[in-house]
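Student: Quick one, fold the following:
(2 chains)
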Amino acid sequence: MDLPVDVPTPEEGLQKISLLRPHLQPAVDHAFFKSTVYVEAEELNCGGSTFLTLVRAHMKRYLVRQNLEGIRFKDWSLSGIEFEISDARFRCWKGSENELPNPGSSPGRKSFLNQQYLLPYDGNGAPKIWNFVVLYVVGPQNKITLWLVCPKRYDEEERVPEAWWWARIDEPASSLSGSTIGQTPSGDLPIDPVAMPKTSEG
Amino acid sequence: MFSGKRVRQARELRRLTQIDLARLLGKSQAAITHVERGFKEPSADLISAIAQHTHLPVAFFTTDPPVSVPVEILLFRSRAAMTRRDALAAARYAEIIFEMGMNLAPYVTQLPLRLEKSSKSPSEAAIQARKWLGLSADEPIQHLVNSMERAGILVFPIPVEQDDIDAFSTWIDSFPVVGLCAGRNSGDRKRWSAAHELGHLVLHFNRPIRSDEHKEADMFAGELLLPEKAMRREIVAPVTLSSLAALKPRWGVSIQALIYRSHELGIIADRQYRYLFEQVSIRGWRTREPSNLDIAIEKPRALRKIVEVSPFANNPARLAAELRLTVENVKEILDSYDVMASPPSHGTRDISSKVVRFEQMKR
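Tutor: Model prediction:
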């Protein structure tokens, strides 16, 4: 898809979040584990939204504890996760494949999806700061996949959030570099010829 | 001279029953039994036919095998119950390789044997084994097979393309021997298998082993490849699949082995152990971990190096004749060994009194 010239590309979006990207999957995995253990240990029969609040709390704590330079976390109620990196603002939401969550009646969410801000503007009306959604999708057997989504707008009539693009945030393990373990050793075995007595054949 | 024992060795090496061989030769099973037991001297034509069907030269059958590996004492690491035919083939292959080493031993210096048997706990024995192998106490082992060969262990690949057999080990007299099967298993699994067999060599001495002793060999492998001291330093909370995956390339073991080891050492609790394995399963990593984290398959080197520095290095026909094998037999065996980029050295070196030499085995 051809994007308007001022819209960041998926590559640019992923680049903006590159510092945090390796930590997102472990953060959400860890958060689900910690929340599950807590609910099991306390024998809580909590609803989905309570459980997700726990997940967000653990996820945020995990990310904040990485102490990554240049990432500014916001404090929201109900453990909402929002952070800024340079000229980009990110919110972590739970969603489903190919679908951003509906903002409901929340003006804040609608303006986020509409890429609207109060400040700052560049004088031409175009925002200097772009909004992105880090979407975690919980699949069968609690398999969690992550997407970076650049919202386009919220269609009030159809009540559908639209996006410029979706980009998969890969499993960190898939981008780790290979191993030198087991490759040909640097030194050969110290096995040498034995001087044999000379025969008449030489 | 003709050796009936060689016929049996060749037949079992080629995974043939007496009935199979009899059928190939157009003889009765009783005739094969008589030949193998030396009751009857076969005709030249029959010897030639046996050689042809077992892909070995006639010269192979002119001497008795110098060593015999009883299949009952081979300590196998296998996924499923292996057949007796598989076990016999592996044992006979070990005999052939060992004999090759014996025959070439007079021409080369020997690697000193630095491995001992231990009655300590698996973990303590593994700590000691690192010292015997000349390894630091808590750093990753870069090439386990190479370290084992340097310690005087005869490691060889077995050309068995079966995934349900990993490795076996035994002591042939005073020589520790490890066979690594050449199946499609991953490099990290083969490393674990080599460490597991090293554990058997150190802890269990040439006797049929109990099932719980495989667990001991695994505990030995765990401490050898993933020392407790290092693991407590490197696996820190919060433990996630990603943090363990990052350790795989450094330590050369599977992510699953790291989960197992973390649990064994009490770094993670039972619930997290189960959760991490669930996460491994839903990613499909139980059978195939991410390919970018693949660990290279370690190949042994010693036998090829021995050939390279022997007087037969540039004369395959003479080498084959010396070993009473065909050129193809020798090539097939040596192709499964590591080839070093550096040229072989040509000097001789002193041999200490501790060195155990192959020719001492000759009877």
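Student: Tell me, how many residues neighbour residue B:153?
Tutor: Neighbourhood size, residue B:153 [other CB atoms under 10 Å in any protein chain shown]: 26. Glycine gets a C-beta too; all of them are placed from N, C-alpha and C.
Student: Check it and give its pLDDT.
Tutor: Looking at residue B:153, its pLDDT is 96.
Student: State the phi and psi torsions of the closest residue to it other than its chain neighbours.
Tutor: In space, not counting the residues next to it along the chain, residue B:153 is nearest to residue B:176; the distance is 4.6 Å by CB to CB, 6 or more residues apart in numbering or on different chains. Dihedral pair for residue B:176: phi -80, psi 130, per degrees, to the nearest 10.
Student: Same question for the one 5 residues further on.
Tutor: Comment: the main-chain dihedrals of residue B:181 come out as phi -70, psi 150, following degrees, to the nearest 10.
Student: Quick one: neighbours of it, just the number.
Tutor: By other CB under 10 Å, 26 other residues sit near residue B:181.
Student: Surely it and residue B:167 touch.
Tutor: Yes - counting by CB atoms under 8 Å, residue B:181 touches residue B:167, with 6.1 Å between them.
Student: what about the residue lying farthest from the centre of chain B, which SS state?
Tutor: Ranked by distance from the centre of chain B (CA atoms, centre = their mean), the top residue is residue B:238, with 37.8 Å. What DSSP: H, G, I helix; E, B strand; the rest coil gives for residue B:238 is coil.
Student: Near the residue nearest to it when sequence neighbours are not counted, how many other residues are there?
Tutor: Spatial nearest neighbour of residue B:238, excluding adjacent residues (CB to CB, 6+ apart): residue A:30 at 4.9 Å. Residue A:30 is flanked by 25 other residues according to other CB under 10 Å.
Student: Next SSE downstream of the host helix or strand of residue A:30?
Tutor: Here residue A:30 is covered by helix A:21-42, with elements defined by DSSP states H and E. The helix or strand immediately downstream of helix A:21-42 is helix A:48-64, counting by DSSP H and E.
Student: Show me what that following helix is packed up against.
Tutor: Applying 3 or more CB pairs under 8 Å, 6 or more residues apart in numbering or on different chains; DSSP states H and E, we find helix A:48-64 packed against helix A:21-42, strand A:71-73, strand A:81-85, strand A:88-95.
Student: what's the spacing between the third one and its chain's center?
Tutor: Strand A:81-85 has its average C-alpha position 12 Å from the chain's average C-alpha position, going by CA atoms, centre = their mean, to the nearest Å.
Student: tilt between that strand and helix A:48-64?
Tutor: 30 degrees (axes from the mean of the first three to the mean of the last three CA atoms, to 10 degrees).
Student: Please enumerate residues in contact with strand A:81-85?
Tutor: A:16-17, A:19-20, A:56, A:59-60, A:63, A:70-74, A:76, A:89-92, A:129, A:134 (CB atoms under 8 Å, 6 or more residues apart in numbering or on different chains).
Student: Give me the buried positions along it.
Tutor: Buried residues in strand A:81-85, defined by neighbour count with 16 or more other CB atoms under 10 Å in any protein chain shown: A:81-83, A:85.
Student: how about these in JSON lines, adding pLDDT and distance to residue B:205?
Tutor: Output for the buried residues of strand A:81-85, formatted as JSON lines (pLDDT from 0 to 100; distance: CB to CB, whole Å):
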{"residue": "A:81", "pLDDT": "91", "distance to residue B:205": "59"}
{"residue": "A:82", "pLDDT": "92", "distance to residue B:205": "64"}
{"residue": "A:83", "pLDDT": "93", "distance to residue B:205": "61"}
{"residue": "A:85", "pLDDT": "92", "distance to residue B:205": "61"}
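Student: Just say helix, strand or coil for residue A:152.
Tutor: The three-state assignment at residue A:152 reads strand, by three-state DSSP.
Student: dump the residue contacts of it.
Tutor: Residues in contact with residue A:152 (CB under 8 Å, 6+ apart) are A:113, A:115, A:162-164.
Student: all helices of the stretch 51-200 of chain B, in order?
Tutor: B:84-104, B:122-132, B:144-150, B:187-203 (DSSP state H, counting those that start in this stretch).
Student: Report the residue spans of chain A with pLDDT below the cut-off.
Tutor: In the prediction, chain A carries residues with pLDDT under 70 at positions A:1, A:77-79, A:117-127, A:197-202.
Student: Residue A:156 and residue A:102, how far apart?
Tutor: Computed as CB to CB, to the nearest Å, the residue A:156 to residue A:102 distance reads 11 Å.
Student: ok so, going back, mind putting the helices and strands packed on helix A:48-64 into CSV with distance to residue B:115?
Tutor: CSV is the format used below for the helices and strands packed on helix A:48-64 (distance: least, CB to CB, whole Å):
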stretch, distance to residue B:115
helix A:21-42, 40
strand A:71-73, 52
strand A:81-85, 55
strand A:88-95, 54
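Student: what number of residues lie near residue 49?
Tutor: Going with chain A. Counted by other CB under 10 Å, the residues lying close to residue A:49 total 8.
Student: I was after chain B.
Tutor: Summarising burial for residue B:49: neighbours were counted as other CB under 10 Å, giving 17.
Student: Assumed it was part of a helix.
Tutor: Yes - counting by three-state DSSP, residue B:49 is located in a helix.
Student: Excluding covalently adjacent residues, which one is nearest to it?
Tutor: Nearest residue to residue B:49 in three dimensions, chain neighbours excluded: residue B:25, at 5.4 Å (CB to CB, 6+ apart).
Student: re the thing from before, which elements pack onto the helix holding residue A:30?
Tutor: helix A:48-64, strand A:130-138, strand A:144-155, strand A:160-169, helix B:241-251, helix B:270-282.
Student: which residues touch residue A:64?
Tutor: Residue A:64 is in contact with residue A:73, counting by CB under 8 Å, 6+ apart.
Student: typed the wrong thing, it's residue B:150
Tutor: By CB under 8 Å, 6+ apart, residue B:150 lies in contact with A:189-190, B:111, B:114, B:133-134.
Student: re the thing from before, let's see the PyMOL selection covering just the buried ones among the contacts of residue A:152.
Tutor: Applying 16+ other CB under 10 Å to the contacts of residue A:152, the buried members can be selected in PyMOL as follows:
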select buried, chain A and resi 113+115+163+164
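Student: before we move on, the earlier item: so among the contacts of strand A:81-85, which ones count as buried?
Tutor: Using 16+ other CB under 10 Å, the buried members of those are A:16-17, A:20, A:56, A:59-60, A:63, A:71, A:89-92, A:134.
Student: correct me, but residue B:316 touches residue B:333?
Tutor: No - if you go by CB under 8 Å, residue B:316 and residue B:333 don't touch, sitting 11.9 Å apart.
Student: Residue 189: neighbour count?
Tutor: I'll assume chain A. By other CB under 10 Å, 21 other residues sit near residue A:189.
Student: Switch to chain B, please.
Tutor: Counted with other CB under 10 Å, the neighbours of residue B:189 add up to 22.
Student: Quick check: of the contacts of residue B:150, which lies closest to residue B:222?
Tutor: Nearest to residue B:222, judged by CB to CB, of the contacts of residue B:150 is residue B:133 at 15.9 Å.
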